[in-house]
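Student: Predicted model, plus sequence, below.
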Protein chains: 2
Amino acid sequence: MNHTDRECLIGLNLIPQLTPKRTQKLFGRFKSFGEIWNAPASAFAQMFGSRVIGEAIASGRSEKLVDEEIAKAEEKAVRIVTLVDADYPPLLREIDDPPMVLYVRGEQPIDSGRAIAIVGTRRATRYGKMVAGRFASQLALKGFTIVSGLAAGIDASAHQATLDVGGFTVAVMGCGIDYPYPKSNQPIYERIVETGVVMSEYPMGSRPAKWTFPQRNRLLSGLSRGVLVIQAPERSGSLITARCALEQGRDVFSVPGNINSLTSAGSNRLIKQGAKLTDSVDDIFDEYPDLQVKRDIDPETEADAGPKLGDAEAAVYALISLEPVHMDDIIARADLSPTEASHILLLLQLENLIEESEGGRYIRKL
Amino acid sequence: MNHTDRECLIGLNLIPQLTPKRTQKLFGRFKSFGEIWNAPASAFAQMFGSRVIGEAIASGRSEKLVDEEIAKAEEKAVRIVTLVDADYPPLLREIDDPPMVLYVRGEQPIDSGRAIAIVGTRRATRYGKMVAGRFASQLALKGFTIVSGLAAGIDASAHQATLDVGGFTVAVMGCGIDYPYPKSNQPIYERIVETGVVMSEYPMGSRPAKWTFPQRNRLLSGLSRGVLVIQAPERSGSLITARCALEQGRDVFSVPGNINSLTSAGSNRLIKQGAKLTDSVDDIFDEYPDLQVKRDIDPETEADAGPKLGDAEAAVYALISLEPVHMDDIIARADLSPTEASHILLLLQLENLIEESEGGRYIRKL
């Protein structure tokens, strides 16, 4: 046999019994992927304490399958990046159980030194989606790569907001890169491929399974300097990602939420356990002085600078969020007379930017 | 002169120039309140570096005023508790600048060893009031004294909820104990006097002023083992109370809130600065093993056990909060069939306990 390490890795990754952890263990003993490819079944059996597993691994090696897999990938414009390739993301290489192989769509290299993973529940509320979008766009505008999992809810909002501001986003899938899951996010998938990167460690055509998502989560954190948990109920997959981040020595940021919201129970617990309470991108920037991210003088204003408004209108608009704010507060904070304030509030309503939610209280329109 | 220490303290406390800090300083030098009462103006002038202040303090001493003050208090059923009295709250005595005199209404002694102050904004949202009430009632039911400031918003909710469960609550005013401020809380004032304690360090008839509330705040924390901040915007008086607590070596607990809510910005910042994120009374109990407070097996259920429901209904009701919850989540968490869930949701709606907020999502009715 005269396979390259690359081909061996692709072939080994096709064997279901060879989890990344097991391959790492074998590599610790054989010191080369070529040696693993040529090792006898008995060596595997001994290492994993099971003749059945040993046989399965040994008989799973197939040059033919490797050739077919490479052809399939080529046909679908999928790059294969293995652990021995120069363009394998450096931060991901550092984790205990790095994927042997990454199937990649999209042309850009992955700058994992400036990546932040944004994760959260599929069943995000309006609040969660809004916050995910805000953080993603603000981070992306500062040159951060936004890593997420292409799921519904928080993931989708993070990818989408990044794309909308022309940022760079990486989607890591829990199934084969050519498997259309979830269907609802196929349009986002296609948009990401154009300017960002979609990747998976699973062979072409792999279906999603219960265990693939938790396993995939170690890649979200592994690719990133830190993980930002936006909205996580108890027993959320995002909490697995947070645990992976801690094991990998990455930072965990968590956005708090109202304590009567089940969707924030996990996020709040993370903060109790030591994650950094994060209510502004500055909380993230502050952790990475090496990246020389400048804090904004007023990040609130930048974040909300969407509509073009006069100074006084912008100042009032900036004071109004998705939580009702009383007119008296607006007057006090914006230092306006009640007449001026009424006038501006009326203008903002006419521009369809805000609405009155209850007596004298205003709320932003989405 | 042959005044008792008690009378001297009452008299000294009537002198506007004698702040508690200054009186402490004088006590450090004269070692007795009788000596301060008899000291020459020059001694005050020297100590505070001002002849004007020295004269003002000296000429402010008046036996007549002391007698009148005692008579006024008696007439209005107000007890006067001074620093040298046995019933002065022990924890309050420990702070750097304890009040010389407490004007007290209500019969009960103040068990400051089991007191928690609950503070927050006057402009509380529905969320803030609900959370204040929930924590107050749960703590009160475990035998904690609830200390607060008789203001509108969070304070009022905390006092009210404590009274409603038959608990013990202490209101500390920022004006004279007989000055009706705020008017809106007079009914609560009267209810507290019946079973709890209302107190003030200000002489009879004192009007509230801008500086009295921040000064009063050190008493809220000083009387308590810890301070629970429910909902505080930036630049809230509650943050002053939290700072007092830290200076006094008391614990600071803070309830997080959605980051787009201006009313929670200060609470979230406190957590960043080291306050304990608190989303359940257990977070408070855990800090006081000496008080032997038993955690509930399921505090969530106890908290929400208001209405009498069957087991399945109660389980579903416990899953529904003020944030919309999707029926699918309810089904998954309560381990019910969709049919069973629909049936129970309908029942709860008929009992006026919940309502459908948007397609398939349910919310608790207040």
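Tutor: Okay, I see it.
Student: Going by C-alpha atoms from here, please, whenever you check contacts or count neighbours.
Tutor: OK.
Student: for the most centrally placed residue in chain A, which residues make a bridge with it?
Tutor: When chain A is reduced to its mean C-alpha position, the nearest residue by C-alpha atoms, centre = their mean turns out to be A:Ser148, at 1.8 Å. For A:Ser148, the beta-bridge partners are A:Ala171 (DSSP bridges).
Student: Test my guess that it contacts A:Ala171.
Tutor: Yes: taking contacts as C-alpha atoms under 8 Å, A:Ser148 lies within contact range of A:Ala171: 5.2 Å.
Student: got any residues that touch both of those two?
Tutor: Residues touching both A:Ser148 and A:Ala171 by C-alpha atoms under 8 Å, 6 or more residues apart in numbering or on different chains: A:His159.
Student: is any part of stretch A:239-259 close to chain B?
Tutor: Yes: in this structure, stretch A:239-259 sits against chain B according to C-alpha under 8 Å from any C-alpha of the partner chain; the contacting residues are A:255-259.
Student: mind giving me a markdown table with those and columns for secondary structure, neighbour count and distance to B:Ser236?
Tutor: Below are the residues of stretch A:239-259 next to chain B laid out as a markdown table (DSSP: H, G, I helix; E, B strand; the rest coil; neighbours: other C-alpha atoms under 10 Å in any protein chain shown; distance: C-alpha to C-alpha, whole Å):
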| residue | secondary structure | neighbour count | distance to B:Ser236 |
| --- | --- | --- | --- |
| A:Val255 | coil | 28 | 22 |
| A:Pro256 | coil | 30 | 19 |
| A:Gly257 | coil | 30 | 20 |
| A:Asn258 | coil | 23 | 19 |
| A:Ile259 | coil | 23 | 20 |
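Student: In CSV, list the C-alpha atoms belonging to stretch A:77-87.
Tutor: Output of stretch A:77-87 as CSV, limited to C-alpha atoms (Å, rounded to 0.1, in the frame of the first residue of the first chain):
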residue,chain,number,x,y,z
ALA,A,77,-17.5,21.0,-5.1
VAL,A,78,-16.6,19.9,-1.6
ARG,A,79,-13.0,20.4,-0.5
ILE,A,80,-11.5,17.8,1.8
VAL,A,81,-9.2,19.2,4.5
THR,A,82,-7.5,16.7,6.6
LEU,A,83,-5.6,17.0,9.9
VAL,A,84,-2.3,16.9,8.0
ASP,A,85,-3.2,19.7,5.6
ALA,A,86,-1.8,23.2,6.0
ASP,A,87,-5.2,24.8,5.8
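Student: Only the buried residues of it, if you could.
Tutor: Under the neighbour-count criterion of 16 or more other C-alpha atoms under 10 Å in any protein chain shown, stretch A:77-87 has A:78-83 buried.
Student: what does stretch A:353-365 give?
Tutor: Of the residues in stretch A:353-365, those with enough neighbours to count as buried (16+ other C-alpha under 10 Å) are A:353-356, A:361-364.
Student: Now do it: everything it contacts.
Tutor: Contacting residues not belonging to stretch A:353-365 are listed as A:317, A:320-327, A:345, A:348-349, A:352, A:366 [C-alpha under 8 Å, 6+ apart].
Student: Keep only those of those residues that are in helices.
Tutor: Those of the contacts of stretch A:353-365 mapping onto helices are A:317, A:327, A:345, A:348-349, per DSSP state H.
Student: Looking at the residues you listed, which one is closest to chain B?
Tutor: In terms of C-alpha to the nearest C-alpha, no member of the ones in helices among the contacts of stretch A:353-365 lies closer to chain B than A:Met327, at 11.8 Å.
Student: So which of the ones in helices among the contacts of stretch A:353-365 is surrounded by the most neighbours?
Tutor: The most crowded member of the ones in helices among the contacts of stretch A:353-365, judged by other C-alpha atoms under 10 Å in any protein chain shown, is A:Tyr317 (25 neighbours).
Student: That one: what's it in contact with?
Tutor: Contacts of A:Tyr317 (C-alpha under 8 Å, 6+ apart): A:348, A:354.
Student: Same check on the one 3 residues further on?
Tutor: In this structure, A:Ile320 makes contact with A:330, A:354, A:362-364, judged by C-alpha under 8 Å, 6+ apart.
Student: Generate TSV for the residues you listed, with secondary structure as supplementary columns.
Tutor: Shown next, in TSV, are those (DSSP: H, G, I helix; E, B strand; the rest coil):
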residue	secondary structure
A:Ile330	helix
A:Ile354	strand
A:Tyr362	strand
A:Ile363	strand
A:Arg364	strand
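Student: Quick check, pLDDT for A:Val293.
Tutor: Among the per-residue scores, A:Val293 holds a pLDDT of 83.
Student: Who's the closest spatial neighbour of it, skipping the chain neighbours?
Tutor: Nearest in space to A:Val293, with sequence neighbours left out and distances taken as C-alpha to C-alpha, 6 or more residues apart in numbering or on different chains, is A:Phe285 at 5.9 Å.
Student: which parts of the stretch 151-300 of chain A sit against chain B?
Tutor: A:255-262, A:268, A:271-272, A:276-279.
Student: before we move on, back to that, show me which pair in the buried residues of stretch A:353-365 is furthest apart.
Tutor: In terms of C-alpha to C-alpha, the buried residues of stretch A:353-365 reach their longest pairwise distance at A:Leu353 and A:Arg361, which sit 14.1 Å apart.
Student: What ranges does the stretch 51-200 of chain A have for its helices?
Tutor: In the stretch 51-200 of chain A, helices defined by DSSP state H, counting those that start in this stretch lie at A:51-60, A:63-75, A:90-93, A:126-141, A:154-164, A:186-195, listed in chain order.
Student: and for the fifth one, what are the contacting residues?
Tutor: This means helix A:154-164. By C-alpha under 8 Å, 6+ apart, the list of residues contacting helix A:154-164 reads A:118-124, A:128-130, A:132-137, A:140, A:146-150, A:168-171, A:185, A:188, A:191-192, A:230-231.
Student: ranges for the strands of the stretch 251-366 of chain A?
Tutor: Across the stretch 251-366 of chain A, reading from the start of the chain, the strands by DSSP state E, counting those that start in this stretch fall at A:251-254, A:276-277, A:325-326, A:354-358, A:361-364.
Student: if I pick A:Phe44, what's in contact with it?
Tutor: A:26, A:51, A:53-55, A:57-58.
Student: just A:Tyr103 next, same as before
Tutor: Taking C-alpha under 8 Å, 6+ apart, we find A:Tyr103 in contact with A:73, A:78-81, A:177, A:199-203.
Student: Including pLDDT, could these go into JSON lines?
Tutor: Supplementary listing: the contacts of A:Tyr103 in JSON lines, determined by pLDDT from 0 to 100:
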{"residue": "A:Ala73", "pLDDT": "98"}
{"residue": "A:Val78", "pLDDT": "98"}
{"residue": "A:Arg79", "pLDDT": "96"}
{"residue": "A:Ile80", "pLDDT": "97"}
{"residue": "A:Val81", "pLDDT": "96"}
{"residue": "A:Ile177", "pLDDT": "97"}
{"residue": "A:Met199", "pLDDT": "97"}
{"residue": "A:Ser200", "pLDDT": "98"}
{"residue": "A:Glu201", "pLDDT": "97"}
{"residue": "A:Tyr202", "pLDDT": "97"}
{"residue": "A:Pro203", "pLDDT": "97"}
